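In: Here is my input, please return the structure:
(one chain, ligands or ions: 2)
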Amino acid sequence: MTLRVAVIGAAGRMGQQVCRAVEEAADLEPAGRFDVGDDLGDLGGADVAVEFTVPGATLANVLHCVERGVHVVVGTTGWTDESLHQVRAALAVQPKVGVLIAPNFAIGAVLTMRFAAQAARFYESVEVIELHHPDKVDAPSGTAVRTAEVIAEARRAADVPPAPDATASGLDGARGARVDGVPVHAVRLRGLVAHEEVLFGSAGETLTIRHDSFDRESFMPGVLAGVRGVVDRPGLTVGLEEILDL
Ligand SMILES: NC(=O)C1=CN([C@@H]2O[C@H](COP(=O)(O)OP(=O)(O)OC[C@H]3O[C@@H](n4cnc5c(N)ncnc54)[C@H](O)[C@@H]3O)[C@@H](O)[C@H]2O)C=CC1
Ligand SMILES: O=C(O)C1=N[C@H](C(=O)O)C[C@H](O)C1
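Out: Numbers count the residues shown, from 1 in each chain. Ligands and ions are numbered 1, 2, ... in the order given. Predicted coordinates for the structure are as follows:
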């Protein structure tokens, strides 16, 4: 069956890449390209909409799609418990519709989160560093936030005490932001695309897990897997790992 796919945020870095990937996929057909100021209407008769916009716009776009019975694959960051709750409420009146929200569609980033969750209980110390292109509008990255959350969950489940840190004075921000107790540091550097390092430490050893997206092409297999998978997954799915059965 051919799926008709609309792209919201089509003029952006990710949106343009998604439009190309949809055009090149034999089982997918472009249904429409939408960007800021466009009326989403019936999404060009799409079966699935792919949404890569900005944190301030994504919820309204997703609710628009759900209300019109269109499945959605969302890569935009900035989701909160409250905005996820609003999506679940909208889906309750459209029980056949599926929404997939994933902070990162690169397989290596998904594996990094999984490996970090596995390692978390064995180490006293942990820090997350995310490194991105300087045009990114949010910090820390959605991926780094989720990585810190899964690490914190695993440490809590294993009763790991807070990481040691004797810092008593210094400049604001020198120790990064705390996400669920885990220090997260954000680097913005021309030349980068999307990168993450998770550093674990205990007496006499460290473990570093690093993932690099050197090109936005790296996100496309995950986005297309999401498009093909979301039509058979009614309700809200958070994380590509659910689609990949990881
Ligand atoms: N989940 C993942 O794997 C990835 C997620 N991202 C996230 O995706 C989002 C977009 O990233 P980029 O493409 O790099 O940003 P971008 O700034 O290049 O593109 C965003 C596009 O959305 C458009 N836009 C803004 N408001 C809109 C609205 N109300 N309706 C429709 N279009 C609107 C803008 O005009 C722009 O063309 C960010 O939140 C980023 O963090 C980025 C890369 C991978
Ligand atoms: O803005 C980006 O570029 C990216 N955003 C996502 C995030 O915030 O985690 C995913 C990836 O890191 C690229």
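In: What are the buried residues along whatever helix or strand residue 21 lives in?
Out: According to DSSP states H and E, residue 21 maps onto helix 13-24. Judged by neighbour count (16 or more other Cβ atoms under 10 Å), helix 13-24 contains these buried residues: 14, 15, 16, 17, 18, 19, 21, 22. Placement of C-beta: from N, CA and C, glycine included.
In: Let's see whichever helix in the chain runs longest as PDB, backbone CA atoms only.
Out: Longest helix of the chain, by residue count under DSSP state H: helix 142-157. Extracted in PDB, the C-alpha atoms of helix 142-157 (Å, rounded to 0.1, in the frame of the first residue of the first chain):
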ATOM      1  CA  GLY A 142      15.900  16.900  23.500                       C
ATOM      2  CA  THR A 143      18.100  13.800  23.100                       C
ATOM      3  CA  ALA A 144      20.400  14.900  26.000                       C
ATOM      4  CA  VAL A 145      17.300  15.600  28.200                       C
ATOM      5  CA  ARG A 146      15.900  12.100  27.500                       C
ATOM      6  CA  THR A 147      19.400  10.500  27.900                       C
ATOM      7  CA  ALA A 148      19.700  12.100  31.400                       C
ATOM      8  CA  GLU A 149      16.200  11.000  32.300                       C
ATOM      9  CA  VAL A 150      16.800   7.300  31.400                       C
ATOM     10  CA  ILE A 151      20.100   7.400  33.300                       C
ATOM     11  CA  ALA A 152      18.500   9.000  36.400                       C
ATOM     12  CA  GLU A 153      15.600   6.400  36.300                       C
ATOM     13  CA  ALA A 154      18.200   3.500  36.200                       C
ATOM     14  CA  ARG A 155      20.300   5.000  39.000                       C
ATOM     15  CA  ARG A 156      17.100   5.500  41.200                       C
ATOM     16  CA  ALA A 157      16.000   1.900  40.500                       C
END
